[in-house]
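Novice: model the following, please.
(one chain, ligands or ions: 1)
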Amino acid sequence: MKLLERIGRLVGTPSVSALSAAHDMPNRPVIDLLAEWLEGAGFACEIMPVTPDGQKANLIATRGRGPGGLVLSGHSDTVPFDGPLWQSDPFKLTERDGRLYGLGSADMKSFFAVALEAAARFDDRDLRAPLIVLATSDEECSMAGARALVQAGRPRARHAVIGEPTGLRPIRMHKGVSIEALEIQGRAGHSSDPSLGRNALDGMRRAMNAIVEYQDALAARHRRDELHPPITTFNLGAIRGGDSANRICGHCTLHHDVRLLPGLDFDAVRGELHARVARALEGLELTLSGGPLHPPVPPFETPADAAIVRACEALTGHSAGTVAFGTEGPFLSSLGMSTVILGPGDIAVAHQPNEYIDLAALQPAVDVVAQLIERFCVRGEA
Ligand SMILES: [Zn+2]
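Specialist: The predicted structure follows:
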């Protein structure tokens, strides 16, 4: 099957994932399609259910055996879409002006077709170390697929490339992100006399100052100039508290994010933040609680001198950089794989109406992936 036909079939198989049940779909049809192709290409395929009914699933497809080897990884889901804003059917791959339009064309269904095309250049007898194609579920919402892999401790390999759209530039670092809540419980009362209650909004005002001060304090201790901005940031994003001007505010909730530098730990930073906020609330007789609203995506960093980083730099002519978005990189890293993010397409057109990938971006990606297979699976370099 031709590369473009495969991309067309993948884009034509809907696999939207979303935290809202109204938009969420199974990814299983994409997993089944990939398994059929990969089995035909000599891979041993294992479908790992992520939900009990198996409608959300990961695929681990392996050719060759032994230690070492290379994982080519991608997520099989897409974000939801705004149908009326698309100029063509988002589920019908449409070629216009040298571009292939379709939902998931750049982010990141084309990468699976690229991986298959590159793998087809090698015979089973060529492989001294395993080549694994990995497809995950739910990367765009909960990262449940990647979390299930970590839980299962699989797959195991020495190196991994995640084919997110980076314009075929290697990425070895990004921040972690956690969405957090902070709740302050006070006591309502008549506003004419502040001593009749405990004002949660007054506490939150101090809490927010403490968060801003903590950002400065952390920035003074930890800085990574490769990242933009080069510090851990806290965004005060949403606040809800109180009900009327003549009542003392009894309860207030703040939602904020934490964009954490590599090398730092969410639990430790949250612990220090809460200790600082608790100090700011001393004497107010307010109760503080809070924590992550979802499991965080950890920071990701692969050392600049890792073999996979050096290989990707040499093959693409670009030195490894950073991105501002989260990926499954930290999860594959935690499985012991030396991981780089590298794939065709532009992240700037992803998650938007009329997402596309340049036709001209595909062949160079096939060539780079094939050379990585050559190096880490055929020559079996560690
Ligand atoms: Zn993606």
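Novice: residue contacts, the residue of the stretch 201-350 of the chain found nearest the ion?
Specialist: Across the stretch 201-350 of the chain, the shortest distance to the ion (C-beta to the ion) belongs to Ala350, at 6.4 Å. Where you see a C-beta, it was placed from the backbone N, CA and C, and this is true even at glycine. The neighbourhood of Ala350, defined by C-beta atoms under 8 Å, 6 or more residues apart in numbering, consists of Val79, Ala106, Asp107, Met108, Pro165.
Novice: and for Gly343?
Specialist: Gly74, Met108, Phe111, Val114, Val161, Ile162, Gly163, Glu164, Pro165, Thr166, Leu168, Ala365.
Novice: could you do His23 as well?
Specialist: By C-beta under 8 Å, 6+ apart, the contact set of His23 is Val16, Pro80.
Novice: and Asp202, how many neighbours does it have?
Specialist: If you count neighbours by other C-beta atoms under 10 Å, Asp202 ends up with 18.
Novice: what packs against the helix or strand where it lies?
Specialist: Assigned by DSSP states H and E, Asp202 falls within helix 200-221. Packed against helix 200-221 by the contact rule (3 or more C-beta pairs under 8 Å, 6 or more residues apart in numbering; DSSP states H and E) you find strand 176-185, strand 233-241, strand 251-260, helix 266-280.
Novice: who does the shortest one pair up with?
Specialist: Looking back up the chat, that one is strand 233-241. Under the criterion DSSP bridges, strand 233-241 sits next to strand 251-260 (antiparallel) in its sheet.
Novice: CA atoms of the partner strand as PDB?
Specialist: Output of strand 251-260 as PDB, limited to C-alpha atoms (Å, rounded to 0.1, in the frame of the first residue of the first chain):
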ATOM      1  CA  HIS A 251     -15.300  29.600  50.400                       C
ATOM      2  CA  CYS A 252     -12.900  30.400  47.500                       C
ATOM      3  CA  THR A 253     -11.300  28.100  44.900                       C
ATOM      4  CA  LEU A 254      -8.400  29.000  42.600                       C
ATOM      5  CA  HIS A 255      -7.300  26.900  39.600                       C
ATOM      6  CA  HIS A 256      -3.700  27.400  38.500                       C
ATOM      7  CA  ASP A 257      -1.200  25.600  36.400                       C
ATOM      8  CA  VAL A 258       2.400  24.700  37.200                       C
ATOM      9  CA  ARG A 259       4.800  24.500  34.300                       C
ATOM     10  CA  LEU A 260       7.700  22.700  35.800                       C
END
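Novice: rewinding a little: and the residue of the stretch 201-350 of the chain closest to the ion, how far is that from Ala146?
Specialist: As judged by C-beta to C-beta, to the nearest Å, Ala350 and Ala146 stand 18 Å apart.
Novice: kindly report the same for His228.
Specialist: Separation of His228 from Ala146 (C-beta to C-beta): 25 Å.
Novice: so Arg187 makes contact with Arg198?
Specialist: Yes: using C-beta atoms under 8 Å, Arg187 is in contact with Arg198, at 4.3 Å.
Novice: those two: who's more crowded?
Specialist: Arg198 (21 against 16).
Novice: hang on, the more buried one packs against Gly186?
Specialist: Yes: the criterion here is C-beta under 8 Å, and Arg198 meets it with Gly186 at 3.7 Å.
Novice: any shared contact partners between those two?
Specialist: Ile248, Gly250, Leu284, Glu285, Leu286.
Novice: buried ones only from these, please, as a ChimeraX command.
Specialist: Restricted to buried positions by 16 or more other C-beta atoms under 10 Å, the ChimeraX selection for the shared contacts of Arg198 and Gly186 reads:
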select :248,250,284,286
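Novice: go back to the shared contacts of Arg198 and Gly186 and keep what's next to the ion.
Specialist: The subset of these within reach of the ion, by C-beta under 5 Å from the ion, is empty.
Novice: pLDDT at the closest residue to the ion within the stretch 51-200 of the chain, what is it?
Specialist: Among all residues of the stretch 51-200 of the chain, Asp107 sits closest to the ion, at 4.0 Å; criterion: C-beta to the ion. With respect to pLDDT, Asp107 has a value of 97.
Novice: and it, what does it touch?
Specialist: Applying C-beta under 8 Å, 6+ apart, we find Asp107 in contact with Thr78, Val79, Glu164, Pro165, Gly345, Ile347, Ala350, His351, Glu355.
Novice: wait, is it part of a helix?
Specialist: Yes: under DSSP: H, G, I helix; E, B strand; the rest coil, Asp107 falls within a helix.
Novice: which residue ranges form the helices in the chain?
Specialist: Along the chain, the segments classed as helices by DSSP state H run 3-11, 28-40, 110-119, 144-152, 200-221, 266-280, 307-316, 329-334, 362-373.
Novice: and of those, who's closest to Leu93?
Specialist: helix 3-11 (4.0 Å; C-beta to C-beta).
Novice: can I get that closest one in CSV, CA atoms only?
Specialist: Provided in CSV are the C-alpha atoms of helix 3-11 (Å, rounded to 0.1, in the frame of the first residue of the first chain):
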residue,chain,number,x,y,z
LEU,A,3,2.2,6.0,1.8
LEU,A,4,-0.6,8.4,0.9
GLU,A,5,-3.2,5.7,0.8
ARG,A,6,-2.2,4.7,4.4
ILE,A,7,-2.4,8.3,5.6
GLY,A,8,-5.8,8.6,4.0
ARG,A,9,-7.1,5.5,5.7
LEU,A,10,-5.8,6.6,9.1
VAL,A,11,-7.2,10.1,8.8
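Novice: tell me what that helix is packed against?
Specialist: Partner elements for helix 3-11 (3+ C-beta pairs under 8 Å, 6+ apart): helix 28-40, helix 110-119.
Novice: per-residue confidence for the residue nearest the centre of the chain?
Specialist: In the chain, the C-alpha nearest the mean C-alpha coordinate belongs to Thr327, at 2.5 Å (C-alpha atoms, centre = their mean). Per-residue pLDDT puts Thr327 at 96.
Novice: contacting residues for it?
Specialist: Glu139, Ile162, Glu164, Ile171, His174, Phe300, Ile341.
Novice: biggest separation within those residues, which pair?
Specialist: Using C-beta to C-beta, the contacts of Thr327 reach their maximum pairwise distance at Glu139 and Ile171, which is 15.2 Å.
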